[in-house]
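[1] Sequence and computational prediction follow.
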Amino acid sequence: MAAKKFLFIHQNFPGQFVHVATELLRLGHEVVALGINGRSLPGVRYLRYAPKAPLRVSEVEAARDFETKVVRGLACAQAMEQLNASGFTPDVIIAHPGWGESLFCKDVWPGARLLMFAEFFYAAEGADFNFDAEFAHDSLADRARLRLKNTVHLQALQAADAVYTPTQWQRSQLPLAFQDKTQVIFDGIDTALAAPQPQASLHLNRDNLTLTQADEVITFVNRNLEPYRGFHVFMRALPEILRQRPNAHCLIVGRDEVSYGARPKGGGNWRQALLAEVGAQLPMQRVHFLGGLAYADYLRVIQISSCHVYLTYPFVLSWSCLEAMSAERVVVASNTAPVREVIEHGVNGLLVDFFDVGSLARQVIEVLAAPQVFQEMGQRARQTVLDRYDLKTRCLPAQIEFAGNI
């Protein structure tokens, strides 16, 4: 591929573009990025823009989300115009449309090839909306807001020359009219890093405790601890698990913010809410909330895990699920559509009904009680990731081919 000019647009750059942007730069292309937050990458020219809130917001509540995204799109377009005035004209734009930034790409550079990363298309049926009856709210206003959330996605899909998305399930959520121009390319797992490490250990300063693979360790990882990723279900299963496994320790990784959904109605965060509900039943000296971790520390948590629990609404599949599989851990996961694409029950992992607290507890206890029985399952899990989701041999080459097919 002859040297080209690539522009990446992501509110939190580099986000999902970290590997492909770095590789394009290594291959000799010019790489520029636009974002609001995030960070730069070595060799990448990174420009920030700052959307300003309007003095008045729409009187129509359902339209306010779209208004916010139009503001971001206009701010990004102004940054694009500045780039254009400086002499930079991209051959290819690769954008995440979720926050509105890509709305006006073709208005600034109609001749650029526009490639869109379609992370999630909202739907009132068959996905995350009202999946969990405990937090359901289904009014006409709710459905109207959900429908309007797709406005920027529809604009992006229509304007895009080509689209890619990480999983077949995410592709299936797109309108049929756009599925033909959408390729499935996963972000990629660095299997050399997320690898089994028999000598891994983790020291917990609070308890002056060091844990290794010789210990019984249950792990649960979210970016933020919240119901979308099954934190409430896991916490409700934990008392029975720890009652029946008196030597087990539980490592919980995640911050107390909200990535998806809402905060508890009573205020505070979900960790506080669930501890108020089940904390009295837990031996807290064996429950370790680790907060957010640096990647190397997170990997050590995964590598010493005896049983990794991954739960999710029908939503975007988390990297942590595949990284745990890549590290040859036994994963007990929710039997939801994104997970079923990766895990076959009894072959490379174990599936339980998302809402069945008792089944989750029993399955984790079974894994902890007979680790040797499930050893080959962990090996098959890693092979699945090597075969289908490996960054260097599968995903990154596919991303480069997609980006360069202009």
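    Everything's here; your move.
[2] now the helices for the stretch 151-300 of the chain?
    151-159, 168-172, 176-179, 231-244, 270-278, 295-303 (DSSP state H, counting those that start in this stretch).
[3] tell me the SS of Ile400?
    Put simply, Ile400 is helix when judged by DSSP: H, G, I helix; E, B strand; the rest coil.
[4] taking the helices of the stretch 151-300 of the chain together, which one is wrapped up most tightly?
    A comparison of the helices of the stretch 151-300 of the chain by mean neighbour count, using mean count of other Cβ atoms under 10 Å, puts helix 231-244 on top with a mean of 22. Placement of C-beta: from N, CA and C, glycine included.
[5] since we're on Arg229, how many residues are nearby?
    Burial of Arg229 is recorded as 27 neighbouring residues (other Cβ atoms under 10 Å).
[6] List the residues that contact it.
    Arg229 is in contact with Asn222, Tyr260, Leu311, Thr312, Tyr313, Ser318, counting by Cβ atoms under 8 Å, 6 or more residues apart in numbering.
[7] Which of the helices of the stretch 151-300 of the chain sits closest to Val364?
    Val364 lies closest to helix 231-244 among those, at 5.2 Å (Cβ to Cβ).
[8] State the pair within the contacts of Arg229 that is farthest apart.
    Pairwise over the contacts of Arg229, using Cβ to Cβ, the maximum falls at Tyr260 and Leu311, 13.1 Å.
[9] Which one's more surrounded, these two?
    More crowded of Tyr260 and Leu311, by other Cβ under 10 Å: Leu311, with 27 against 16.
[10] So the more buried one versus Asp91, what's the distance?
    Computed as Cβ to Cβ, to the nearest Å, the Leu311 to Asp91 distance reads 42 Å.
[11] Next: Thr22.
    From Thr22 to Asp91 the distance is 18 Å (Cβ to Cβ).
[12] Identify, from the contacts of Arg229, the entry nearest to Pro166.
    Of all the contacts of Arg229, Ser318 has the smallest distance to Pro166: 10.7 Å, by Cβ to Cβ.
[13] thought that closest one was touching Thr312?
    Yes. Between Ser318 and Thr312 there is a contact at 6.6 Å, judged by Cβ atoms under 8 Å.
[14] who touches Gly43 in this structure?
    Contacts of Gly43 by Cβ under 8 Å, 6+ apart are Leu25, Val31.
[15] Return the distance of it relative to Val31.
    7 Å.
[16] got it, and Ala214?
    Ala214 is 45 Å from Val31, by Cβ to Cβ.
[17] Identify the structural domains in this structure and state their residue ranges.
    Per automatic domain parsing, the structural domains of the chain span 5-188+391-404, 201-388.
[18] between Ser318 and Thr312, who's got more neighbours?
    A direct count of neighbours by other Cβ under 10 Å for Ser318 and Thr312 places Thr312 higher, at 23 against 18.
[19] That one should be in a strand, yeah?
    No. Under three-state DSSP, Thr312 sits outside any strand and is assigned coil.
[20] so what pLDDT did it get?
    Thr312 carries a pLDDT score of 98 in this model.
[21] cool, Ser58 as well?
    86.
[22] Ala195: which of the domains of the chain is closest?
    Per Cβ to Cβ, nearest to Ala195 of the domains of the chain: domain 201-388, 6.2 Å.
[23] The closest residue in space to Arg236 that isn't next to it in sequence: how many residues sit nearby?
    In space, and not counting its chain neighbours, Arg236 is closest to Val357: 4.7 Å by Cβ to Cβ, 6 or more residues apart in numbering. A count of nearby residues for Val357, using other Cβ under 10 Å, gives 19.
[24] is it true that Val357 touches Ala237?
    Yes. Applying Cβ under 8 Å, one finds Val357 in contact with Ala237, separated by 4.8 Å.
[25] Asp353 touches Thr336, doesn't it?
    No. Using Cβ under 8 Å, Asp353 makes no contact with Thr336, being 9.2 Å away.
[26] number of nearby residues for Ala141?
    Neighbours of Ala141 using other Cβ under 10 Å come to 11.
[27] Excluding sequence neighbours, find me the nearest residue to it.
    Ala62 (6.5 Å).
[28] Same check on Tyr228?
    In space, Tyr228 is closest to Tyr260, 4.1 Å off (Cβ to Cβ, 6+ apart).
[29] hang on, the earlier thing: tell me which of the helices of the stretch 151-300 of the chain sits nearest to Phe8.
    Short answer: helix 151-159, nearest of those by Cβ to Cβ, at 14.6 Å.
[30] Give me the helices and strands touching the closest one, please.
    Using 3 or more Cβ pairs under 8 Å, 6 or more residues apart in numbering; DSSP states H and E as the contact test, the elements touching helix 151-159 are helix 64-85, strand 113-117.
[31] could you redo the last one with a cut-off of 7 Å?
    strand 113-117 (3 or more Cβ pairs under 7 Å, 6 or more residues apart in numbering; DSSP states H and E).
[32] Now find how far off-centre the strand it packs on is within its chain.
    Averaging C-alpha positions (Cα atoms, centre = their mean, to the nearest Å) puts strand 113-117 20 Å from its chain's average.
[33] that older thread, double-check the residue nearest to Tyr228 against Gly230; I have them as touching.
    No. Using Cβ atoms under 7 Å, Tyr260 is not in contact with Gly230, being 11.8 Å away.
[34] could you give the angle of the host helix or strand of Ile365 to helix 231-244?
    According to DSSP states H and E, Ile365 maps onto helix 357-369. Per axes from the mean of the first three to the mean of the last three Cα atoms, to 10 degrees, the angle that helix 357-369 makes with helix 231-244 is 50 degrees.
[35] quick one: the strands in the stretch 101-250 of the chain?
    Taking DSSP state E, counting those that start in this stretch as the test, the strands found in the stretch 101-250 of the chain are 113-117, 162-165, 182-184, 201-204, 209-212, 217-224, 249-255.
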